[in-house]
Structures are given as C-alpha cells and as structure tokens.
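Undergrad: Sequence first, then the predicted structure:
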Amino acid sequence: MAAVYKFKPYNVGRWVIWSLFALVLLLAPLVFTSNLSTTMLAQMGIAVIACLSYNILLGQGGMLSFGHAVYTGLGSYMAMHALNAISGGTLNIPVSLLPIVGGLTGMGFAVLLGWVTTRKSGTTFAMITLGVAELVFAMSLMFSEFFGGEAGVSGNRVAGQPFFGITYGPQVQVYYLIAAYTFVCVALMYAFTQTPLGRILNAVRDNPERVEFIGYNTQRVRYTAFIIAGFFAGIAGGLAALNFEIVTAEVVGAGRSGAYLLFTFLGGATFFFGPIIGAILMIIAFVLLSELTKAWLLYLGLVFLFMVMYAPGGIASLIMMNLRVAKYGKLRQIWTSYLGLGLTAIVMLVGAGAMIEMVYHLQLNTGRHRQVHGGHPEHQRAGQLVWFGLCHAHGFGLV
Amino acid sequence: MKPFALELKDVRKNFGKTEIIRGVSLAVETGERVAVIGPNGAGKSTLFNLISGRFGPTSGDILLNGQRIQNKTPYEINRMGLARSFQITNIFPKLSVFENLRCAVLWSMGYQYTFLKFLSGLKDANERTDQLLEMIRLDKKRDVLAMNLTYAEQRALEIGVTIAGGADVILLDEPTAGMSKSETSRFIHLIKEVTVGKTLLTVEHDMGVVFGLADKIAVVVYGEVIAFDTPEAVRANASVQEAYLGAPVADSQAGGH
C-alpha cells in the first residue's frame, strides 16, 4: 500500500504542474509584450522567490519575522557592489552568477543575525527580528560607503564578457535570467519541504516542545531553516539589483519586510504555492494599483484585515477549499449562492471604493486649496448618494 | 554489575521556596514495569519532568543506564534512549498521523537535520512508520491530520510518537487519562503490547490498571517515595494505606478488577 501511495507523486500530475510552470515562465513575455508587462513579470519572478523564502519561516516554521528584507536587501547591496567590481575589472565572474553572490550574502548574514534571532521562538523571535531590522536600517544611514546614503548604489548590468551574445542590456534578457532563477529556486524550495529537515520544521511550528522530546534541538532546526531562507532571500535581492540597476536603503527597510509578510499571508502561508499568488498580487498592487489610486495602501490594509479575520489561510486555502468542494461535485449546489455573494460583494466594493476615493479627493483638495469644511456641493451630494448605495449594499449582504 | 535502567539518588526540586520533590531515591531495573501512584499534587508529573529533562533538579543525581542525565536537555536525554508521553496530548496537530510518527522515527534512524535526502526515499524510516501505524491500530487513519482524530486515537498516537524512536526506557504520564472504562482496558492491552522488553514507568490513577500492569509500584506522597515494592507488598503496606489509598477503597478497587 505504501508503495502505491509513494508512486503517485512521481506520476503525471507532478510533471504536468512543473512543465506548466516552466511554460508559463517561458511564454509570459511573448503573451504580454509591452514594456510595462515585461518589467512587471521580472519583478514578479523576484517577488515569488522572496515570498517563498519568507514562507519557509512563516508558513513552514511558524516564525513570524518582521525583518526578512534585511536578507533580500543586503543581498541586493552585495550583488550591486560585485556588479560594480565587474564593471571596474577587479572581479571576474559572469553577471549571470551575481544572484548567487546575493544569495551567499543573505546566507552569511542569516548565519550571523539568525544565530541571535532563532535562539527564541514565538513573540520573542518576532521582536528580535524587528530589532535587527531597525538596526540594519539605521546602519544603512550610517555607513554611506557601503549603502550609498540617500542616493543608494547604482550600476550598469551590461558588464564583463557577453555570454553567447547575452549582454543583459534588453529587459527581456534580464527577465529570462530571473525566470531561470525563479524556476530553479521554486523547485529547490519545494524539494526542501520534502526533506527530513523540512518536515521537522513543520513539527517545530506545530509543537516545539514535543520536538525536543523526539531527539531534535528546536533551536538548531529553526537556525538551519533561517539560514536556508536567508540564502533564497539573498538570491531574490541579487536579482532585484540586476533588474533595477539601483539599490537604495529602502530595500532593507521595515516597509519591505512588512510587504513580504503581508503578501505571503494574503497568498496563503499554509500551502506551498500560496506565496506565489501573494507575490504576483504584490507586484500588481505596487505597480498597477498604486498608479490607479492614491488610496491603494488603504485598500491593501482593508483586504489584509478581512483576510486575517475571515480567511486566515489566504487565497490558496480558498482555492483548495473550493477545489475540494468541486471534487465531490458539490459546486453545482452552491454556485448560485456564490453568484449572489459575488454580486453583493461587487456592489459593496464599488460603494466603499467610491466613498474612499471621494474622501481622499476631498481631503487632498482641502489641503491644496485651503478649502473650508463642506467642500463643493456636488461632492456632498455625491457623498450622500454613495452612502445610500453603501447602505443598500450592506442590506443585500446581510440578507 | 549491570547498572539500573533508571536510578534516582536523593533528587530534590524546589520551585522558589516550595519544595515539590523532597529527596526521591528510586532504582528501576531493566525491563521492569513501574507504576507511579500518589494523590494529586504529590509530584508525580514533576518527577517525570525531572527525569525527561524538562526541568533540572535542584540537587541529586539521575542516572540512565549508569550515565548522569540530570543536566542534559530533553533531546540529549531522548537520544540516550529515554522517551516520554504527556498527560495532556502533545502531538503535531497539523501533520498527518503518518507524518507525526515519521518525525518521531527520523532521529533514531540517523537522518538528523539533513535536507539533502527526500523523505519518500527513506525506505527504512517509512517502513518503520507503517509498522508503528499498525502497532497502534491507526493504519486506517494514516493520512488524517492529527487534530481530526478522536480523543482515544490521539492518545494512541501520543504513545506511538513516544515509542517510535525505539527508546529503552519509556515514561508514560497518565496514558489513560480521560478514557472510558472499556477504552482504558483496550488501551492498557495496547501499552503492554508495544512496550514488551522495555523499561516502563507510568503514572496512573486507575488502581485496577495499576495492579494489572505493574511489576512494581512506587507511591509518591508530598514529594517523597513512601513505598517502592511489588503490588502485593504495597497493598499490604500500612503507611501507604493510611497516607494514600485508604484501606477499604484500595481493596474494593483492586478486587473489582
């Protein structure tokens, strides 16, 4: 029986999923050809690695880190300095290997800083990571030789010998480098979840006390996992350095760390593929949503709030739940309710969105033109209308 | 002379100024089954916590197969061949039954902290896990998450995780706590079966179980062992009857089994 069970994962399903993943990475820039989409795809690849590496801590090890950007960011800096050394002729490695430099940097700092942070678990761990993150950010302002001060460090990725005509000048070449790293890193991180250490890490997440009584040092398990997460985070950082050709202090900042946490959670920390969804959403939010509206952070906060309260497993768990429902053929019975729910949700979202936009508009205008309370009559009227609509939406939702 | 499987020499434990364990000496021979009994708050669980390394004793020596273990961490003691279960079920709720047991098997199979091997390729560990699943009668629940098991099944898994590493000395802290009469007798049968040839210490409240399972009984009252002998001798011991059992109760419970 065991043999049959173990045969299954090697079966067609796994090959199909990984081939599809490779195909998506390969074909995406051919489908979305605009400049903007190529940039976004490249950023998505980087974010996928970063969020998955963060999830080794959060989802698999139960370690709530508030300072993951330290490892991606320092990876970025070191990769950028290495790039400049290549340009200056003092270092002789191919540009394609720079992300590895980033990875080793992330790993090195994880060895150093993780030794302190992983001594504790739970709330204490979270606090220490926060402290370490603040520390590194403060350092970034102090040591401007390394961190480049406010302007950051920039470089030119067209350096060294071209490799089979690949110069990394065009964005699409960088995309394919990122795609290759993304595929390999995702595969490696998935493989990690299938190893003894990966499984014991889950056990440490569930019940660290018991793990001590089955022969494992929980501290060492956490530490090793932290180092591995640091390595992959550094690779993401190195890729980001190549992609943007500039590294500023914000890459080690608390905002970046918070984004990894937020979007890993949104995507779903309980499933391996959850953070991939989260990473894609992160780039969409950062690039598109922020263009669309000034209130994007507010929306993000609201979405996060609702997810934490009503779907703590993130989007991945919602997908898996519905897949299970579909598997038993029950989706047919509930799709009308889903439709109703979707419609009311849309009405409510539009209502809430319109209101938020208007309030923002009003506030900003007030600031700009020094208007007194009340604003234009149209605004007021429109506001009333929206309140009306919103109340209706609420009524629908309740029914 | 062969050392005792487990030996306690004048072990004491204070929490602040309160003395919980007040000089316990105990010597358990290899292969013996010992029931530790005593009223609530007597220090039975604390004693188990001291032996398994959860707390360090304030003074005294604890020896496992002749080696001192009193200042070692739980995982070091576990690697030396001592495993324990918990009074309140202490398993990995979000892992399947199979994964729970496999985690407990890994160290003893020498896989340690490796991340360069796939779990599915560890033939010996997987076989041992399947074997354990059958031993604790949970082979039909193989892929169920531990948190979705019934209480009795969780207790069985608790025992499974405890014995999985193949430790020679097993401490079971109230394995039948909260079980019905019929479940208890089935469970005791299971415990006997899976601990054949091992040294067993168990905290137990059910006198019927105690007299049916144990080769020897240790009576703990107020942090001291007031008797450590065969069940018959303990039952006849006047100070035990006075301090803990209360003669009529003991007789009726033991007789009723």
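TA: That came through, no problem.
Undergrad: Break chain A down into its structural domains.
TA: A:32-320, A:331-398 (automatic domain parsing).
Undergrad: ok, now which ones touch residue B:70?
TA: B:11, B:50, B:56, B:57, B:60, B:61, B:62 (C-beta atoms under 8 Å, 6 or more residues apart in numbering or on different chains). (C-beta placed from N, C-alpha, C; glycine too.)
Undergrad: for it, helix, strand, or coil?
TA: coil (DSSP: H, G, I helix; E, B strand; the rest coil).
Undergrad: Relative to residue B:76, how far out is it?
TA: Distance from residue B:70 to residue B:76, counting by C-beta to C-beta, to the nearest Å: 11 Å.
Undergrad: which bits of the stretch 51-200 of chain A sit near chain B?
TA: Contact residues, the stretch 51-200 of chain A versus chain B (C-beta under 8 Å from any C-beta of the partner chain): A:191, A:192, A:194, A:195, A:196, A:197, A:198, A:199, A:200.
Undergrad: filter these to the buried ones?
TA: In these, burial by neighbour count holds for A:192, A:194, A:195, A:196, A:197, A:198, A:199, A:200, counting by 16 or more other C-beta atoms under 10 Å in any protein chain shown.
Undergrad: Buried residues of the helix or strand harbouring residue A:301, list them for me.
TA: Per DSSP states H and E: residue A:301 is located in helix A:296-310. Across helix A:296-310, burial judged by 16+ other C-beta under 10 Å covers A:299, A:300, A:307.
Undergrad: Averaged pLDDT, that helix. What do you get?
TA: Mean pLDDT, helix A:296-310: 89.
Undergrad: Could you find the closest non-adjacent residue to residue B:99?
TA: Leaving aside its chain neighbours, residue B:99 sits nearest to residue A:199 (6.4 Å; criterion: C-beta to C-beta, 6 or more residues apart in numbering or on different chains).
Undergrad: and the one you found, what helix or strand is that in?
TA: Assigned by DSSP H and E, residue A:199 belongs to helix A:196-206.
Undergrad: Which residues does that helix contact?
TA: With contact meaning C-beta under 8 Å, 6+ apart, helix A:196-206 is reached by A:56, A:60-63, A:121, A:192-193, A:210-211, A:214, A:216, A:218, A:221-222, A:224-225, B:92-95, B:99, B:102-103, B:106, B:111-115, B:117, B:119, B:122.
Undergrad: sorry, back to before: could you dump the residues of the stretch 51-200 of chain A next to chain B into a markdown table and include pLDDT?
TA: Shown next, in a markdown table, are these (pLDDT from 0 to 100):
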| residue | pLDDT |
| --- | --- |
| A:191 | 95 |
| A:192 | 96 |
| A:194 | 94 |
| A:195 | 95 |
| A:196 | 96 |
| A:197 | 96 |
| A:198 | 96 |
| A:199 | 96 |
| A:200 | 97 |
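Undergrad: Of the contacts of residue B:70, just say which sits nearest to residue A:114.
TA: residue B:56 (27.1 Å; C-beta to C-beta).
Undergrad: Enumerate the residues of chain B near chain A.
TA: Within chain B, the positions near chain A by C-beta under 8 Å from any C-beta are B:52, B:73-75, B:78-79, B:83-84, B:86, B:90-95, B:99, B:102-104, B:106-108, B:111-120, B:122, B:126-127, B:130, B:161, B:164-165.
Undergrad: How far away from the center of its chain is stretch A:69-76?
TA: Relative to the centre of its chain, stretch A:69-76 is centred 14 Å away, using C-alpha atoms, centre = their mean, to the nearest Å.
Undergrad: contacting residues around that stretch?
TA: By C-beta under 8 Å, 6+ apart, the residues outside stretch A:69-76 that reach it are A:50, A:53, A:101-103, A:105-106, A:109-110, A:113, A:132-133, A:136, A:229-230, A:233-238, A:240-241, A:247, A:251-257, A:259-260.
Undergrad: Any of those buried? List them.
TA: Buried among those by 16+ other C-beta under 10 Å: A:50, A:53, A:101-103, A:105-106, A:109-110, A:113, A:132-133, A:136, A:229-230, A:233-238, A:240-241, A:247, A:251-254, A:256-257, A:259-260.
Undergrad: In helices, which of those appear?
TA: A:50, A:53, A:101-103, A:105-106, A:109-110, A:113, A:132-133, A:136, A:229-230, A:233-238, A:240-241, A:254, A:256-257, A:259-260 (DSSP state H).
Undergrad: Could you list the low-confidence segments of the stretch 1-150 of chain B?
TA: Low-confidence segments of the stretch 1-150 of chain B (pLDDT under 70): B:1.
Undergrad: Residue in it with the shortest distance to chain A?
TA: Nearest to chain A, among the residues of the stretch 1-150 of chain B, is residue B:107, at 3.4 Å (C-beta to the nearest C-beta).
Undergrad: For the residue of the stretch 151-257 of chain B at minimum distance from chain A, give me its contacts.
TA: Per C-beta to the nearest C-beta, residue B:165 is where the stretch 151-257 of chain B lies closest to chain A, at 6.1 Å. Listed by C-beta under 8 Å, 6+ apart, the contact set of residue B:165 reads A:214, A:215, B:78, B:83, B:104, B:105, B:107, B:108.
Undergrad: let's see 10 Å
TA: The neighbours of residue B:165, taking C-beta atoms under 10 Å, 6 or more residues apart in numbering or on different chains as the test, are A:213-215, B:78-79, B:81-83, B:104-109, B:128.
Undergrad: Next, count neighbours for residue 44.
TA: Looking at chain A here, since you left the chain open. Residue A:44 has 24 neighbouring residues, counting by other C-beta atoms under 10 Å in any protein chain shown.
Undergrad: Actually, chain B is the one I wanted.
TA: Count around residue B:44 with other C-beta under 10 Å applied: 26.
Undergrad: Name the nearest residue to it, ignoring sequence neighbours.
TA: Among residues not flanking residue B:44 along the chain, residue B:203 sits closest, at 4.7 Å (C-beta to C-beta, 6+ apart).
Undergrad: correct me, but that neighbour touches residue B:35?
TA: Yes. Counting by C-beta atoms under 10 Å, residue B:203 touches residue B:35, with 7.7 Å between them.
Undergrad: Now do the SS call for the closest residue to residue A:206 other than its chain neighbours.
TA: Of all residues not flanking residue A:206 in the chain, residue B:92 sits nearest, at 4.0 Å (C-beta to C-beta, 6+ apart). Following three-state DSSP, we place residue B:92 in the coil state.
Undergrad: do the same with residue B:219
TA: Of the three states, residue B:219 takes strand under three-state DSSP.
Undergrad: Please report the number of neighbouring residues for residue A:61.
TA: 29.
Undergrad: Check what pLDDT it gets.
TA: In this model, residue A:61 carries a pLDDT of 95.
Undergrad: give the contact list for the closest residue in space to residue A:65 that isn't next to it in sequence.
TA: Counting by C-beta to C-beta, 6+ apart, the nearest residue to residue A:65 once its immediate chain neighbours are dropped is residue A:129, at 4.4 Å. Residues counted as contacts of residue A:129 (C-beta under 10 Å, 6+ apart) are A:57, A:63-68, A:70, A:113-114, A:116-118, A:226, A:257.
Undergrad: Name the nearest residue to the residue in the stretch 151-300 of chain A positioned nearest to chain B, ignoring sequence neighbours.
TA: In the stretch 151-300 of chain A, the residue that lies nearest chain B is residue A:215 (3.4 Å; C-beta to the nearest C-beta). Using C-beta to C-beta, 6+ apart and skipping the chain neighbours, the partner closest in space to residue A:215 is residue B:107 (3.4 Å).
Undergrad: In contact with the one you found, which residues?
TA: Per C-beta under 10 Å, 6+ apart, neighbours of residue B:107: A:196, A:200, A:211, A:214, A:215, A:216, B:75, B:78, B:79, B:113, B:164, B:165.
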